[in-house]
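J.: Dropping the sequence and predicted coords here.
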Amino acid sequence: MRFQPEIKARIRRGLTRKGLELATLLSDVLAGKDRTRAVRALGEDRPGERPDEKLRRYLALVESRRQLLDAGSAEYGCCDGCGAELPTMALVEMPWADRCPGH
């Protein structure tokens with residue numbers, strides 16, 4: 001097991017918090033509230049992608065990372081581009097990370 005139980009719990013709490021933040025933001029967007037700045041702050045924009053689509057994509061990423069973590073998958077915490085292990089402390093800070101800085 002790569003993560004000690006207390007670190008795994010911290011990572012899972014971070015994923016849960018981010019999922020709640022994204023779900024709340026999605027709810028606001030669907031209710032017609034102007035959350036443009038918050039959605040832009042998430043990062044990468046895809047051409048033609050609506051804010052609700054971007055939020056759903058990010059929410060799916062967070063959920064997939066939570067499932068990998070809960071399953072004890074060796075894929076969690078590794079770069080989807082090259083397979084390199086991401087630093088544990090980086091995952092504590094940003095548990096939904098799926099790429100190393102090179103990818």
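T.: Received it, and whenever you're ready, just let me know what you need.
J.: number of nearby residues for E85?
T.: 12 (other Cβ atoms under 10 Å). All C-beta atoms are positioned from the backbone trio N, CA, C, and that covers glycine.
J.: Quick check: pLDDT value at the nearest residue to E49 once chain neighbours are set aside.
T.: Using Cβ to Cβ, 6 or more residues apart in numbering and skipping the chain neighbours, the partner closest in space to E49 is R57 (7.7 Å). On the pLDDT scale, R57 is placed at 95.
J.: who touches the helix or strand containing R57?
T.: Assessed by DSSP states H and E, R57 sits inside helix 51-71. Outside helix 51-71, the residues that touch it by Cβ atoms under 8 Å, 6 or more residues apart in numbering are 8, 11-12, 15-16, 18-19, 22-23, 25-26, 29-30, 35-36, 39, 42, 45-46, 49, 75-76, 95-98.
J.: Give me the subset of the residues you listed that lies in helices.
T.: Using DSSP state H, the members of the contacts of helix 51-71 that fall within helices are 8, 11-12, 15-16, 18-19, 22-23, 25-26, 29-30, 36, 39.
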